[in-house]
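Novice: Sequence below, structure please.
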Amino acid sequence: MFKRIDHIELLTAQPGRTIDFYTGILGFKVRARDRIPSTPLGPLDLVYLDLGGTTVEVMCYPDAKIPTNSFSQTLG
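Specialist: Model (predicted):
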């Protein structure tokens with residue numbers, strides 16, 4: 001039986017907005033921040049958020065280049 005979520009990871013290009021949502025709206029607390037300086041995609045920033053035994057790991061590659069056409073596509 002499913003009782004709770006222990007840990008999830010979110011990869012985002014806007015970590016500030018994501019952290020603001022989870023802390024300001026949902027009530028999570030920042031537990032820790034870390035940076036892995038060298039990965040195949042460049043540095044990786046990590047922020048660990050906690051609420052009631054659930055951890056949300058917010059991940060961001062700050063130096064990653066997002067293709068300009070990726071946001072111009074629409075569903076429909």
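Novice: Give me the spatial nearest neighbour of Leu10, chain neighbours excluded.
Specialist: Distances taken as Cβ to Cβ, 6 or more residues apart in numbering put Val58 closest to Leu10, at 5.3 Å, once the chain neighbours are dropped. (Glycine included, C-beta is placed from N, CA and C.)
Novice: The one you found sits in which helix or strand?
Specialist: strand 54-60 (DSSP states H and E).
Novice: Flag every buried residue along that strand.
Specialist: Using 16 or more other Cβ atoms under 10 Å as the test for burial, strand 54-60 gives Thr55, Val56, Glu57, Val58, Cys60.
Novice: now, which of those residues sits nearest Leu11?
Specialist: Proximity of those to Leu11 (Cβ to Cβ) peaks at Cys60, which lies at 7.3 Å.
Novice: I'd assumed Gly42 was in contact with that closest one.
Specialist: No - Cys60 is not in contact with Gly42 according to Cβ atoms under 8 Å; the separation is 10.5 Å.
Novice: Need the residues touching each of those two.
Specialist: The overlap between the contact sets of Cys60 and Gly42 (Cβ atoms under 8 Å, 6 or more residues apart in numbering) is empty.
Novice: Show me where this structure has its strands.
Specialist: Secondary structure of the chain (DSSP state E): strands located at 7-11, 29-36, 44-51, 54-60.
Novice: In the third one, which of the residues would be classed as buried?
Specialist: The neighbour-count check on strand 44-51 (16+ other Cβ under 10 Å) flags Leu44, Val47, Tyr48, Leu49 as buried.
Novice: ok, now which ones touch the spatially most central residue of the chain?
Specialist: The centroid of the chain falls nearest to Val58 when counting by Cα atoms, centre = their mean (2.3 Å). By Cβ under 8 Å, 6+ apart, the contact set of Val58 is Leu10, Thr12, Pro15, Thr18, Ile19, Tyr22, Leu46, Val47, Tyr48, Leu49.
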